[in-house]
Structure formats: C-alpha cells, structure tokens
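Participant: quick one, structure for this:
(2 chains)
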Number of protein chains: 2
Amino acid sequence: MSFDAIDVIVTKRDGGELSRAQIDWVIDAYTRGVVAEEQMSSLAMAILLNGMTRREIGEWTEAMIASGERMDWSALDRQTADKHSTGGVGDKITLPLTPLVAACGVAVPQLSGRGLGHTGGTLDKLESIPGWRAALSNREMFGVLDSVGAVICAAGSGLAPADRRLYALRDVTGTVESIPLIASSIMSKKIAEGTGSLVLDVKVGSGAFMKTIGRARELAETMVAIGVDHGVRTVALLTAMDRPLGRAVGNALEVTEAVEVLAGGGPRDVVELTVRLAREMLELAGTDGKDPADALADGSAMDVWRRMIGAQGGDPDAPLPRAAESMTLTVPGSGVVTKLDALAVGVAAWRLGAGRARKEDPVSFGAGITLHVTVGDVVRKGQPLMTLHTDETARFDRALRTLEGACEVGPSSSPDQLPLVIDRITAG
Amino acid sequence: MSFDAIDVIVTKRDGGELSRAQIDWVIDAYTRGVVAEEQMSSLAMAILLNGMTRREIGEWTEAMIASGERMDWSALDRQTADKHSTGGVGDKITLPLTPLVAACGVAVPQLSGRGLGHTGGTLDKLESIPGWRAALSNREMFGVLDSVGAVICAAGSGLAPADRRLYALRDVTGTVESIPLIASSIMSKKIAEGTGSLVLDVKVGSGAFMKTIGRARELAETMVAIGVDHGVRTVALLTAMDRPLGRAVGNALEVTEAVEVLAGGGPRDVVELTVRLAREMLELAGTDGKDPADALADGSAMDVWRRMIGAQGGDPDAPLPRAAESMTLTVPGSGVVTKLDALAVGVAAWRLGAGRARKEDPVSFGAGITLHVTVGDVVRKGQPLMTLHTDETARFDRALRTLEGACEVGPSSSPDQLPLVIDRITAG
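Facilitator: Numbering: from 1, shown residues only, chains lettered A, B, ... in the order given. Got it, this is the predicted structure:
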C-alpha cells in the first residue's frame, strides 16, 4: 500500500494513531529516500509531542528491524545475553561486564556505538587501546564470539538502517527525548542483533537522558514490553546517574578503570553494578555457572578480556594514550560531599576533548577527568577534588566554567543521592 | 549573537518562548543555510503544536522581512492599498478589484502567487491571457504602477526569502496549518511589499484553510495586529468559503468571470465582495474619490484592467484557452440547493487540471468547473448543475468521485450557509 508522507505526519500531528500500514510504509519509504529528512523530522517532533501507543511503538520497532538484516547466533553452543545502557557519565560497565559474563559461560554479542555529546561511547573507549579495531564483518564477529565467548564491535550498516538514519536525524532536530523513539531505536538494534536475553541499564539523574525516575521507569517498561513481545528475555534496572559512575571519565581513563575491576579492584560502585548486571544476564540466559564475583577474583574474566582485545588486534599490555596537560581542582569546603553533578562532570570531560560535538569529529583518547572524592566522602577544604586532563590547555577554561557549582560540601552526613540500583523492571 | 539550532528547537518544543535574539538568529541562519531544512521543519512542528505569543509572532515576521529587501512606493503621487486573500475556490476577486481600486484613485501594488492544491493562484489565472507575463523587475513594477495605477505580478526572490523557503518546507512537512506561521508568512510579504494599507480577506469554510469562524478570527486578529504594529493600516474581513465564490472555478474561466464583473455584470456574490473590499481599501487609504460601484458601471475599472494587462504584454481582446472536453452534471433532486461544497468543487477542478500537485507541474488554463446553480436556488431534478472542463477525458472519473455528495437539494427554503461577509476585524 502506498501513502502520502503528509497524511502520515498530519495523522500524528492531530493526535491520531498511526496504522500498521502507515508505519510500515513511512519507515520503508524513509529508508528508500522517498520520505525526505525534513518530513521525518516533523513527524518525529509530532511523535515527541503527541506520543505513541504501545501498539504503535511495537510496530515502529518491527518496521525498523525489517529495514535491514537480522543476526542469528543459533549455531553457537552457548546461550547469548547482552546489556544496553542508556548512557551516562563514566559508564564503562560494558568493558568489564562483557568478558565477565563470557567467563561465566554465556556468550555476549555486544554491538556498541560511539559517543555523542556528554555521554561517552564504548567504541571510543576501546579504540584508545593501540591496535584495537571496532569494525568486524559478521563472519569475524561470529568467529570472535565462538572462540572467545565475548565480542564488542560496531554495528554494521546492514542492521536496522532506518534507525541509523533516524537516530542521526533526531540528534540534530531536537527530537531525541521521545520515549517511543528512544525505546524503538534501542530495541530495534538489540532485537536485530539476535541476542537471546537482554538486560537494560536505564540511567536516571542529571547525567542521563532520563532526569527523573518516572520518565526512566516509563522508558524501561516500554523497552521491556517490546523485548518480551519479540521473544527476547528482557529485564531492566533503573540505576543512578546523578553522580558519575566510578572515578574515571574519558576514554583511556575508563579503560584503565575497567582493567582495575577485571583485576579484582576498582571503585566499589563500578564493581557492584558490573556484578549485578552480570548476574541478571546469567539468570535470564538460564545458566548456573560460575558466580561473577568469583570470575573477577580468580582472573578468569581478565583472561577473556585479554583474548577479546587481542582477537580484534588490540594489545592489552600496551600503554594507553595520556593527555599532555593536567590541572587539579580542590574541594571547595570542609564537611561531607553532598553533590558531584554527573552532567557537569560529563560536559566538562567532553569539553576537555573526551567527546565529540559532531559525528565526524575525532576524540582525544587521553582527555577526561579523574575524580579523587565521591559523594558521601568526608573532606577538608583544599584537598584534591578532581584532575582535568586535556591535550590543549585552552580547553581548561570552558571545562572550569562548566564545573562551577558541580561539587557541594555540607554538614550533612547522609547526602541526598539516588541508590545505585533504584528499581528492577520486568514484564507484565 | 550565535545560537545552536537545537537549543532553539528545544526551547519551543518544551513550551518556552523564543527570545528576540533566538528568532533573529534562527531565521537568518536558515536563510544562509546554517540551520538545515530538517531542523526548521521540526521547529515548525513544535511551533504548530505549542504556539507562539503575539510578541514572538511579531518578531518572527520582522526577522523574515529583514531576510530580504523592502519595497518603497513613496515616490508615487498616490496612496497605496493592497488586498490579500487566504485563498478559496473560485476566488478571482483580485482580478477585478485591483483595477477597480486604481480607477478610484488609490494605487495597488499587488504581489501574487501561484496555486498549490485545491486553491487557485492569481498568477495562474492571469497567465491564461495570451502574452501576459508575471515576472517584472522592481523598476518595471514601479513603471506599471505609476502609469496604470495597478499592477499584479510575481513576488521577486528578493522579498522575504526566508518566508519563501519556509513556505515550501511547510508545504511538504505537514506544518501549514499553524496560525502563527500563516500570519507571519502573509504579513512578512505584505509589509515588505511596502503597501500603506492592507485589507485581509480571511476565508472561512470547507474550501478555506480555516474551517471554522473561531480559527479564522484568530488568524485575522493576529494578522491585523502585526500589520498595525508595523505601520500598515490593516483591516480584515471574514468571508464565506463554504460554497465556491461566483460561478467559475479554473484559470481562464475565472478571468472570463472577472471581465464580466468589470463590464458591470457578473455573479452577485463576486460583485458584492469586490465592491466591499474596494471600499475598505479606499477608506483605509483615506481617499474619498469615486465610489467603486460607479467605477464598475461607467467602464473606468475596465479601462484600467485593459491597460494593466497590456502593460505586461497581455492582449485583453485575445480569445482565452478552452478545454478540449466537457461534461455536464445534473441536479440530484428537486427543491432548494442547500449545499454546494467548496472543497469538493475545488478539488474536482484541481483534478480536472486547473491546479497543480507539485510546484513544478504545469496547469491547464482551460480546465475547471462552471456552476449553473448556487446555494438557495430552487431547482428541478435533472436540470444542469455544473459543467466540468478538461483537456483529458481520463480526468473526469477522479473529479466525479470527488463530487459525490457535493451538492445537496432539500425542502428547506433557508439553506444553512454562511453570510458572504461574516465579520470585520480591526485592531485593538
């Protein structure tokens, strides 16, 4: 059936429901270039402002999956599980988590993205490892997954190409913050990726796309429903992103922290969330192998990490890039750290060179921020708060402006922060 | 000052007011191609759904005027007045009105457009006159206006170029029906055109953009306020577009009807509205010359028409194009005509070839519809209702489908139709 783009836009603009046929047509026509970018962007704004029903969201997701290929891991001798995070500041969990779950007997086919704006991208982080390459053919991806049990690579252009175009369009048209569009974008890629189980890490707080628990819960419930409707065992955790995760923010800095976790150390929150997500993935996949905490302690997760990095050309022993310049800020007062704002730290790291403003920009691998204190710490005025790293001293100024008021110290002994894991969302 | 397109979009998306600086920047950047089409279209959808304040609408209009040149008629020895109609079916009023007002002593610098969709365009109508050309340089336009007192021509590309781009964009992105965007589009062109007085003919009914009196009144009030704020004496009439205006719909057919009016004849509604609008224009311009009804009766308006057409290369005596094929429909029952739907007749004429689906399409000058009865007429089943004209017999079928149910005949002696002039809107 053929439609007119304007009719589809006007239906949604005027508060109506799109039919299955309208959705299939508009996604297919957009993929073929028949529906123009400016038409899809006004439709996206109408969807953002007028919403979509659960039926529409599911059908929109299916149409995006149908725009490309679907991967299939049934030839593997293991179950598969994957994790997706909605993105945050210092969120390097994918790095230790992927080899950890593999070490416990479940294969992880992790297709990741690059960072845009203040949240980092897993591929950017891994690319700070000399030699490591993100682009694998489907055959190479299967090979690494089969031999190592874990693979992190870039999604090929054949996977949900409609989503790829729509995501880039939303990014420049102020239409990112729509729960139906976010949910269908994430889930179309994850379902097309072919994972059997999926754990969603939905971040909440200033450094996350979802600023409130209510919005995060709505997104989580929407995504879990889509996953379950499409035969993927899916669970979501709502987790804290009011403060940065861990102590390192920036590409190579985060790889170093991930390796510390795999070596049995690392910041408590990163370890806790990594182990919790691993357990969720293993439970969904229905295996009862090794406990993740043991796999961190006995070095088996580290072994998988080294083989995984090596299989993609990376040298796990090579020194990582370091930024040329650094500057250390001090704590503004004495007392207890009551606030360390995730968004401010994320934007500052971005401005120091860790992130990109446009898709085609390079990132600085060494740039970023190392935190010396965290929320709840008892501190004295003048002790080190954080160290900024950059390749260009001119960037310090803009980062410093962003950080004004980012850290607060007060008399309180129980700072008002979100629990690390706020809630767990399952289907139904 | 420089802004980011996304910040401007998000401000409006989230229900905020755009600042003067944001508006100036986004219109200028759009004109220069720095703000992309897909960004402007999501902003347009956000404006459509979230509205704009009167201040924002005024500033948006000013920014569009500032994107191009402003015409100036102060070197003329007469006052200037213009009329703008929001568009309807059979609305050829500009054709007799322009020479009529000139014959009464006020110059009319009328910049017109082409038709798109079911409403016709004044330039398309005039182009059915052999030799007549729409494109004049500013110098030629001044020359015709100075010597003849009236000129109808195409707006040059230098006039409100931001509006030109935005209008084309809205047309394909489902963002036409926004009162702030319609009002600022019309008024930016009319203010840049440099007229001293302006009468707005805001159409109401099935064949108009504004389907209800409430919406039409809102548009009229918005436009009158913009005009007055910018030093243009402005009045609006709300007029009926539930049925076609006059008896002819289609380019050459409407020129013929306009000439009948200039010759002292023509359908009563066309004459009445032409004279009423002329009186409004003359009153606003502050002249007390000849009465328009007299100028129609004594042939002086016809004289101006002939000179105006001739000055732009047209032959006022040349036979007009006629369509190759015709088909006459009959009245469906006996009684009083209670309905003759403007939209159905407009769309049917369009499908017969009188209008265009895309900007680059040609129009058929001879195609259209001649009505033999009008609302309120007492009729007998089987008498002629309307004649369809087209160059391609294959077009009859689609037109006929559109016309199903367009005409209703009932026992009522007082059909439920809008008065020709519904209301008059002035500033304050």
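Participant: what about the strands in the stretch 151-300 of chain A?
Facilitator: Using DSSP state E, counting those that start in this stretch, the strands of the stretch 151-300 of chain A run over A:197-204, A:233-240, A:248-249.
Participant: and the shortest one, what other elements does it pack with?
Facilitator: Counting by 3 or more C-beta pairs under 8 Å, 6 or more residues apart in numbering or on different chains; DSSP states H and E, the packing neighbours recorded for strand A:248-249 are helix A:251-262, helix A:342-349, strand A:368-371. C-betas here are computed from N, CA, C, even on glycine.
Participant: go again with 10 Å.
Facilitator: helix A:251-262, helix A:342-349, strand A:368-371, strand A:384-390 (3 or more C-beta pairs under 10 Å, 6 or more residues apart in numbering or on different chains; DSSP states H and E).
Participant: out of the ones you listed, flag the one nearest chain B.
Facilitator: helix A:342-349 (13.7 Å; C-beta to the nearest C-beta).
Participant: restricting to C-alpha, output the closest one in CSV.
Facilitator: This file holds the C-alpha atoms of helix A:342-349, laid out as CSV (Å, rounded to 0.1, in the frame of the first residue of the first chain):
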residue,chain,number,x,y,z
ALA,A,342,27.1,14.0,36.7
LEU,A,343,26.1,16.3,33.9
ALA,A,344,28.6,19.0,34.8
VAL,A,345,31.4,16.4,35.0
GLY,A,346,30.3,14.8,31.7
VAL,A,347,30.1,18.1,29.9
ALA,A,348,33.5,19.2,31.3
ALA,A,349,35.1,16.0,30.2
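Participant: closest one to residue A:201 among the helices and strands packed on strand A:248-249?
Facilitator: Residue A:201 lies closest to helix A:342-349 among these, at 14.4 Å (C-beta to C-beta).
Participant: for chain B, what are the nearby residues on the stretch 251-400 of chain A?
Facilitator: When proximity is defined by C-beta under 10 Å from any C-beta of the partner chain, the stretch 251-400 of chain A lies next to chain B at residue A:357.
Participant: rebuild the strands of the stretch 151-300 of chain A as CSV, extending it with mean neighbour count and mean pLDDT.
Facilitator: Formatted as CSV, the strands of the stretch 151-300 of chain A follow (neighbours: other C-beta atoms under 10 Å in any protein chain shown; pLDDT from 0 to 100):
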stretch, mean neighbour count, mean pLDDT
strand A:197-204, 27, 98
strand A:233-240, 24, 98
strand A:248-249, 30, 98
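Participant: out of these, nearest to residue A:378?
Facilitator: Comparing the strands of the stretch 151-300 of chain A under C-beta to C-beta, the one sitting nearest is strand A:233-240, at 20.4 Å.
Participant: may I have the strands that pair with the closest one, each with its orientation?
Facilitator: strand A:197-204 (parallel), strand A:421-425 (antiparallel) (DSSP bridges).
Participant: can you mark which positions in stretch A:386-398 are buried?
Facilitator: A:386, A:387, A:388, A:389, A:390, A:391, A:395, A:396 (16 or more other C-beta atoms under 10 Å in any protein chain shown).
Participant: span of it from start to end?
Facilitator: Taking C-alpha to C-alpha, to the nearest Å, stretch A:386-398 runs 16 Å from one end to the other.
Participant: now swap in stretch A:190-210 and tell me
Facilitator: Using C-alpha to C-alpha, first and last residues of stretch A:190-210 are 20 Å apart.
Participant: low-confidence ranges, chain A, go.
Facilitator: In the prediction, chain A carries residues with pLDDT under 70 at positions A:1-2, A:116-117, A:413.
Participant: which non-adjacent residue is nearest the closest residue to chain B within the stretch 151-300 of chain A?
Facilitator: Across the stretch 151-300 of chain A, no residue is closer to chain B than residue A:174, which sits at 3.2 Å (C-beta to the nearest C-beta). In this structure, residue A:174 finds its nearest non-sequential neighbour in residue B:9, 3.2 Å apart by C-beta to C-beta, 6 or more residues apart in numbering or on different chains.
Participant: that neighbour: neighbour count?
Facilitator: 27 (other C-beta atoms under 10 Å in any protein chain shown).
Participant: residue A:328 and residue A:385, how far apart?
Facilitator: For residue A:328, the distance to residue A:385 (C-beta to C-beta, to the nearest Å) stands at 8 Å.
Participant: again with residue A:52
Facilitator: 44 Å.
Participant: returning to what we had before: just put the strands of the stretch 151-300 of chain A in CSV and tack on distance to residue B:63.
Facilitator: Listed next are the strands of the stretch 151-300 of chain A as CSV, based on distance: least, C-beta to C-beta, whole Å:
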stretch, distance to residue B:63
strand A:197-204, 39
strand A:233-240, 43
strand A:248-249, 40
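Participant: on that earlier part again, what's around the residue of the stretch 151-300 of chain A closest to chain B, how many residues?
Facilitator: 26.
Participant: all helices for the stretch 101-250 of chain A, in order.
Facilitator: Using DSSP state H, counting those that start in this stretch, the helices of the stretch 101-250 of chain A run over A:122-126, A:138-148, A:161-172, A:179-192, A:213-229.
Participant: for residue A:300, which of the ones you listed is the nearest?
Facilitator: Across those, closest to residue A:300 is helix A:138-148 (C-beta to C-beta), at 12.4 Å.
Participant: work out the gap between that closest one and the centre of the chain.
Facilitator: Centre-to-centre, helix A:138-148 and its host chain are 22 Å apart (C-alpha atoms, centre = their mean, to the nearest Å).
Participant: residues in contact with that helix?
Facilitator: For helix A:138-148, contacts defined as C-beta atoms under 10 Å, 6 or more residues apart in numbering or on different chains pick out A:69, A:71-73, A:75-78, A:80, A:98-99, A:102, A:107-111, A:133, A:135-137, A:150-154, A:156, A:158-159, A:303-312.
Participant: go ahead and build a PyMOL selection from the buried members of the residues you listed.
Facilitator: Here is the PyMOL command that picks out the buried ones among the contacts of helix A:138-148, judged by 16+ other C-beta under 10 Å:
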select buried, chain A and resi 71+73+78+80+98+99+102+107+108+109+110+111+136+150+151+152+153+154+156+159+303+304+305+306+307+308+309+310+311+312
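Participant: check contacts around the residue of the stretch 1-150 of chain A found nearest chain B.
Facilitator: Nearest residue of the stretch 1-150 of chain A to chain B (C-beta to the nearest C-beta) works out as residue A:9 at 3.3 Å. Residues near residue A:9 by C-beta under 10 Å, 6+ apart: A:18, A:26, A:35, A:39-40, A:42-47, B:41, B:45, B:172-175.
Participant: and the angle for the helix or strand encompassing it with helix B:161-172?
Facilitator: Assigned by DSSP states H and E, residue A:9 belongs to helix A:5-13. Per axes from the mean of the first three to the mean of the last three C-alpha atoms, to 10 degrees, the angle that helix A:5-13 makes with helix B:161-172 is 80 degrees.
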